[in-house]
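> This is a predicted model, with the sequence first.
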Amino acid sequence: MINFSYFIAGYLVIFGLPGAYIMRLVLLKKRVDREHAELTDRH
Amino acid sequence: MSSVNKKLKLLSFTALLLVLAAFAMVLFYAPIEVNMGIVQKVFYFHVSAAWVGMLAFLVAAVCGILYLSKKQLKYDFLTFSAVEIGLLFTAIANFSGMIWAKPIWNTWWTWDPRLTTMTIMAFTYIGYLLLRRGVDNPEKRARFGAVYAIVGFASVPLTFFSSRLLRTIHPTIFGADTGDMAMTPAMYQTMAASIVAFTVLFAALLWHRSILATREAEIETLRAQTETLEFGEVQND
Amino acid sequence: MKDWLHSVRTLVWKDLLQEWRSKDMLTAMFAFAILTLFIFNYAIELSPVNRAEIASGIIWVVIVFAGTLGLNRSFTAEQDQGCFDALVMAVPDVSAIYFGKMLTNWLVMLFVSVLILPIYSLLYNQSLFNIGFILVLVLGAWCYSAAGTLIAGMTVQTRMRDLLLPILLFPILMPVNMAVVKAAGGILAGAPLVDVQAWLVLLAAYGIIITTVSIMVFEYVIRE
């Protein structure tokens, strides 16, 4: 059973880290879009 | 612009599919390894992540060379994205490696040459990102980043060989030997599938990240421009 | 070719002379090295049994840390006074600057080592006057300056300067650390050349590869 929990932990890392990174990219994109709109609206 | 977007969407979708398919293979197709039990299945994506980590570094170094010879900023964005994503996959490889090692050899860390080299590589990546942060001028930033990516990559094989030499001379250092695994054809196929899946995922993430980096740079320029304009307006009053 | 050699020699002479007149960097490196030796005394128990292996490790760590002080300083003169452009114009090829700086850094490191070895021998009652041992240090110091000069050329132009140098340099230097400590330790312990030669080959390979790469990219570090 202990072996199995390591298996779970391993896959949490393997899919969790990329997932977190993708979310970070999504948030970054939103921020970039917002700032782009702000800066171009100024004119 | 929209044909690029379509291709990117297709790539992203394919990446997701491939990863899910590979995971399905890991869960249902690959047999449970005789000696190690179910935790061995972590190994498939651990190796894939390590492979992508190395590939990313190679891409970063190549784009570094391209930047220095062509001076086009798009190569700098590619290098930067490759390093960031490479760091991600190296972290995955390292942590999954530790999680795999613990139940099997009862230790978190083995001074395995490949794992050690990957960890040192991770620090080189981090160094790259810090270097980039320490330079304000975009052109200089790109130049220095390229230089460090190239030198960093050149040091990787040397680091690997010295770690391996250390191991052969000191076999008493507690170590993991992957030769302990009995690999069947189904396992090889699953391994191949995982590697392909992660590689495609890497390509998709790289593309997305470079586009974002390009836009971040655009914003930097826009911001500098508006500041000069506003300053000019204030002066004219 | 004659021009190039002449530039390198002039550059090395200029930097060494500058340093000799002020002596700040040399004194600082030397003091730092001795203090580090003292710290090791309290940190590590040096029984006669493990001394050979540990001696090489301690000496090398001391040299590496003192070396970063020297590396940081090797470009600050040009950086602070904005002389990079003048330097580039004065030499036939930018690689002369790289070689000059690398040689200077190497010589400074050797100088500090030469001072440190007798002091270590004194403090720990262990003779380090072994030709092989010293040669390994010489080789290691070359590899160190080869990489360090390139990296320091960059970090001196960044915002974080001194802080960034070890972070960028040490990962790249790992093979050298391993090779120097193992080879020097082996020689000190009296191991036959056969055991040690792989490490020496590695050091030589590292030096050649890193120097070659640095020569190719150094102009991008110095020139706009």
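Now that the structure is in, tell me what you want to look at.
> pull the CA atoms of the helix or strand where residue B:9 lies into CSV?
Assigning secondary structure by DSSP states H and E places residue B:9 in helix B:2-24. Extracted in CSV, the C-alpha atoms of helix B:2-24 (Å, rounded to 0.1, in the frame of the first residue of the first chain):
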residue,chain,number,x,y,z
SER,B,2,-4.8,33.1,-37.6
SER,B,3,-3.2,30.2,-39.5
VAL,B,4,-0.4,30.3,-36.9
ASN,B,5,-3.1,30.3,-34.2
LYS,B,6,-4.8,27.3,-35.8
LYS,B,7,-1.6,25.3,-36.0
LEU,B,8,-0.8,26.1,-32.4
LYS,B,9,-4.3,25.1,-31.3
LEU,B,10,-3.9,21.8,-33.2
LEU,B,11,-0.5,21.2,-31.6
SER,B,12,-1.8,21.9,-28.1
PHE,B,13,-4.7,19.6,-28.6
THR,B,14,-2.5,16.9,-30.0
ALA,B,15,-0.2,17.3,-27.0
LEU,B,16,-3.0,16.8,-24.6
LEU,B,17,-4.3,13.8,-26.4
LEU,B,18,-0.9,12.2,-26.6
VAL,B,19,-0.3,12.7,-22.9
LEU,B,20,-3.6,11.2,-22.0
ALA,B,21,-3.0,8.3,-24.3
ALA,B,22,0.4,7.7,-22.8
PHE,B,23,-1.0,7.8,-19.3
ALA,B,24,-3.6,5.3,-20.3
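> between the next helix or strand after it and helix B:2-24, how big is the angle?
For helix B:2-24, the following helix or strand on the C-terminal side (DSSP H and E) is helix B:42-70. Angle, helix B:42-70 to helix B:2-24, by axes from the mean of the first three to the mean of the last three C-alpha atoms, to 10 degrees: 150 degrees.
> Okay, residue C:153 and residue C:22: tell me how far apart.
Taking C-beta to C-beta, to the nearest Å as the measure, residue C:153 and residue C:22 are separated by 21 Å. Any C-beta I mention is one placed from the backbone N, CA and C, and that applies to glycine too.
> quick one, which of those two is more surrounded?
residue C:153 (26 against 10; other C-beta atoms under 10 Å in any protein chain shown).
> secondary structure element for the nearest residue to that one once chain neighbours are set aside?
In space, and not counting its chain neighbours, residue C:153 is closest to residue C:221: 4.4 Å by C-beta to C-beta, 6 or more residues apart in numbering or on different chains. When elements are assigned from DSSP H and E, residue C:221 belongs to helix C:193-222.
> What residues sit buried inside the worst-scoring helix or strand of chain C on mean pLDDT?
When the helices and strands of chain C are scored by mean pLDDT, DSSP states H and E, helix C:84-90 comes last with a mean of 80. By neighbour count with 16 or more other C-beta atoms under 10 Å in any protein chain shown, helix C:84-90 contains the buried residues C:84, C:87-88.
> Please produce TSV containing these, extended by distance to chain B.
Converted to TSV, these look like this (distance: C-beta to the nearest C-beta, whole Å):
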residue	distance to chain B
C:84	12
C:87	17
C:88	15
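> Pick the one among the residues you listed closest to chain A.
residue C:84 (34.5 Å; C-beta to the nearest C-beta).
> List the residues that contact the closest one.
Residues in contact with residue C:84 (C-beta atoms under 8 Å, 6 or more residues apart in numbering or on different chains) are C:78, C:222.
> got the angle between the helix or strand where residue C:171 lies and helix C:193-222?
Secondary structure from DSSP H and E places residue C:171 in helix C:164-188. Orientation check (the same axes, to 10 degrees): helix C:164-188 against helix C:193-222 gives 160 degrees.
> what packs against helix C:164-188?
helix B:113-133, helix B:138-169, helix C:51-81, helix C:131-155, helix C:193-222 (3 or more C-beta pairs under 8 Å, 6 or more residues apart in numbering or on different chains; DSSP states H and E).
> Can you name the next helix or strand after the longest one?
Proceeding C-terminally, helix B:138-169 gives way to helix B:185-236 as the next helix or strand, assigned by DSSP H and E.
> tell me which strands and helices that next one is in contact with?
Looks like helix B:185-236 contacts helix A:2-41, helix B:2-24, helix B:42-70, helix B:73-105 (3+ C-beta pairs under 8 Å, 6+ apart).
> mind checking which of these is nearest residue B:227?
Closest approach to residue B:227 among the helices and strands packed on helix B:185-236 (C-beta to C-beta): helix A:2-41, 10.3 Å.
> any idea how far the closest one is from the chain center?
1 Å (C-alpha atoms, centre = their mean, to the nearest Å).
> average pLDDT across it?
Helix A:2-41 carries an average pLDDT of 90.
> weakest of the helices and strands packed on helix C:164-188 by average pLDDT?
helix C:51-81 has the lowest average pLDDT among the helices and strands packed on helix C:164-188, namely a mean of 84.
> That helix vs chain B: in contact?
No - Helix C:51-81 stays clear of chain B (C-beta under 8 Å from any C-beta of the partner chain), getting no nearer than 10.9 Å.
> in that helix, what's buried?
Buried residues in helix C:51-81 (16+ other C-beta under 10 Å): C:51-60, C:62-64, C:66-75, C:78.
> Show the secondary-structure elements that that helix is packed against.
Against helix C:51-81 (3+ C-beta pairs under 8 Å, 6+ apart) you get helix C:2-22, helix C:24-43, helix C:94-124, helix C:131-155, helix C:164-188.
> again, 6 Å this time
Secondary-structure packing of helix C:51-81 (3 or more C-beta pairs under 6 Å, 6 or more residues apart in numbering or on different chains; DSSP states H and E): helix C:24-43, helix C:94-124, helix C:131-155, helix C:164-188.
> and the angle for the second one with helix C:193-222?
Using the same axes, to 10 degrees, the direction of helix C:94-124 lies 130 degrees away from that of helix C:193-222.
> what about residue C:148, distance to chain B?
11 Å (C-beta to the nearest C-beta, to the nearest Å).
> okay, now that residue: neighbour count?
There are 32 residues near residue C:148, going by other C-beta under 10 Å.
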